[in-house]
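Colleague: with the sequence up front, the predicted model follows.
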Amino acid sequence: MAHAVEHISDPADPRLADYAHVGDPGWLRGHGLFVAEGRLVVERLAGAGRFRIRSLLLAPTAHHALMDKIAAIPCPVYLAPRQVMEALTGFSFHQGCLALAERGPALPLSSLEAGRWMLGIEEVGNP
């Protein structure tokens with residue numbers, strides 16, 4: 001199923017309002033959201049199926065690279081030039097690829113599979 005791409009040319013476009021808060025972990029947490037940045041992270045988020053992706057904000061090159069991997073995600077896909085993305089977020093950290101997803105309920109440690117580990121760290125600006 002192909003997703004509809006919505007082209008954005010104005011960082012003040014109201015469809016992108018939540019992206020203005022990607023640098024504010026308190027706002028994101030308070031709204032039940034988290035941000036995924038970069039192609040690899042967004043690709044893994046899309047493939048995991050655990051979290052509902054609310055929307056994707058992609059530069060044209062990131063969209064081209066991820067097209068097949070995000071085709072079945074039932075969410076808006078916003079395509080914007082990097083300059084628009086940087087003006088909106090105030091950062092150039094995102095490699096032209098951002099996703100907003102809904103936080104799920106916390107899982108108990110006992111639900112982790114033996115031998116598989118994942119670590120989530122909040123408020124890390126440069127892993």
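Modeller: Right, received. Where do you want to start? Please read all numbers here as calculations on a predicted model, not as lab measurements. Numbers count the residues shown, from 1 in each chain.
Colleague: check what pLDDT residue 2 gets.
Modeller: Per-residue confidence at residue 2 stands at 53 (pLDDT).
Colleague: show me where this structure has helices.
Modeller: Here the chain has its helices, by DSSP state H, at 25-30, 39-48, 60-70, 82-89.
Colleague: contacts for the third one, please.
Modeller: The reference is to helix 60-70. Residues outside helix 60-70 that contact it (CB atoms under 8 Å, 6 or more residues apart in numbering) are 3, 5, 39, 42-43, 46-47, 56, 58, 77, 79, 81, 95-97. No exception for glycine: its C-beta is placed from N, CA and C like everyone else's.
Colleague: cool, and the last one?
Modeller: With contacts defined as CB under 8 Å, 6+ apart, helix 82-89 is touched by 8-11, 16, 19-20, 22-23, 57, 59, 80, 92, 94, 96, 98.
Colleague: buried ones only from those residues, please, as a ChimeraX command.
Modeller: A single ChimeraX command selects the buried members of the contacts of helix 82-89 (16 or more other CB atoms under 10 Å):
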select :8,11,16,19,22,57,59,80,94,96,98
